[in-house]
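Q: Quick one, what's the 3D model for this:
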Amino acid sequence: MSENFGLSAALATPFDADGEIAISGVIEQAKHCLAHGCKSVTLFGTTGEGASIGMQERKQVLAAMIAAGIKPRQIVMGVLVDAAEDAAAQAGQALAQGVRNILLAPPSYFKNVSDDGLFKWFSAVFTMLGTHARDVIVYNIPSVTMVPLSISLVGRLRDAFPEVVGVKDSSGDWPYTEELLKTHGDLIILIGDERHLARGVRLGGQGAISGMANLLPREVQAMAEKGIDDANVERFVGQLLNYPVIPSIKAILARLTDNDSWLAVRPPLVALNSQDSDTLFAAFGALFRAKAA
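A: Numbers count the residues shown, from 1 in each chain. So this is what the prediction gives:
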């Protein structure tokens, strides 16, 4: 890709009273983010509860978004599964519709696995995708998967598979991020922890896939595209991490949009309780008064 990746909003996924995806809500949120500084939106990543979203739902939502005028090249698809066959099926389905990238996490059920084992898993996915494989961003989020992607593994994947074009690093480990940028600057390095985002961009990072972009797209855009520090965003991320992240982002979205349907999460997650929601939104409002008014 000739231009920098920029900012992609890691879209939260709204659910209706029956627990089904509220597709109109997904489309509305995607259009809002795209109109306020995001170059793309990421469907069904961590913030979007992607591990709880099945193949048929993915197909339905993606088709509806494209029908609503969102260009496939404005969409990144998260793939967060353990079976290589399932990963290839989900990725292939989205790539066939022309999405910009696949955000591909490693398998996470088995812990303490070796780089050799992970390399073989990714190899199996790419083999099954065959000539359809392209524009894959591998996803390092060990706080969730408990399966870190080492610097050397990233290099092996890059050398063996030209379809691997980048890494989303949500480790929150600055020395790792710094080494990743230094060693693999030929890849698209995206910073998932907004507290390190601006600094990472100044060292060559190409942007972010950001859950905070659901709430503060313009603020995160300046960090992701220009490397401009934003102490308020960084401070709020630190506060947010004291709570379950996905229900917390959705609780704030519910307040900002005056739409309680955003509160719903898919089991096994549970919604943020009202006391924590009040406390967190007060913290958000203290830093971003104009948005919280």
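
Q: Flag the shaky bits of this protein, pLDDT-wise.
A: Applying pLDDT under 70 to the chain flags residues 1-2.

Q: can you give me the strands for the stretch 101-250 of the chain?
A: All strands of the stretch 101-250 of the chain, identified by DSSP state E, counting those that start in this stretch, fall at 101-104, 136-140, 164-169, 188-191, 207-210.

Q: Kindly state which of those is positioned closest to Glu219.
A: Closest approach to Glu219 among those (Cβ to Cβ): strand 207-210, 10.1 Å. To be clear about C-beta, it is placed using only N, CA and C from the backbone, and glycine gets the same treatment.

Q: ok, and what's touching that closest one?
A: 4-10, 39, 42, 45, 76, 103, 137, 168, 188, 190-192, 194, 197, 201, 220, 223-225 (Cβ atoms under 8 Å, 6 or more residues apart in numbering).

Q: 6 Å instead, please
A: 4-8, 10, 42, 168, 190-191, 197, 220, 224 (Cβ atoms under 6 Å, 6 or more residues apart in numbering).

Q: one step back: okay, the strands of the stretch 101-250 of the chain, which one's buried deepest?
A: Of all those, strand 207-210 carries the top mean neighbour count, a mean of 31, counting by mean count of other Cβ atoms under 10 Å.

Q: Bridged to Ile75, which residues?
A: Counting by DSSP bridges, Ile75 forms beta bridges with Val41.

Q: rewinding a little: can I get the buried part of the contacts of strand 207-210 as one ChimeraX selection?
A: With 16 or more other Cβ atoms under 10 Å as the criterion, this ChimeraX line picks the buried residues out of the contacts of strand 207-210:
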select :5,6,7,8,10,42,168,190,191,197,220,224
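
Q: Farthest-apart pair in the contacts of strand 207-210, please.
A: Applying Cβ to Cβ across the contacts of strand 207-210, the maximum distance is between Asn4 and Ala10, 17.6 Å.

Q: Lys182 - how many residues pack around it?
A: Lys182 has 12 neighbouring residues, counting by other Cβ atoms under 10 Å.

Q: how much space between the nearest residue to it once chain neighbours are set aside and Arg58?
A: Nearest residue to Lys182 in three dimensions, chain neighbours excluded: Leu203, at 7.9 Å (Cβ to Cβ, 6 or more residues apart in numbering). For Leu203, the distance to Arg58 equals 34 Å [Cβ to Cβ, to the nearest Å].

Q: do the same with Ser108
A: 19 Å.

Q: which non-adjacent residue is nearest Val147?
A: Closest to Val147 by Cβ to Cβ, 6+ apart is Pro106, at 4.7 Å.

Q: Could you count how many residues lie near the one you found?
A: 25.

Q: Over to Asp258?
A: Neighbour tally, Asp258, other Cβ under 10 Å: 7.
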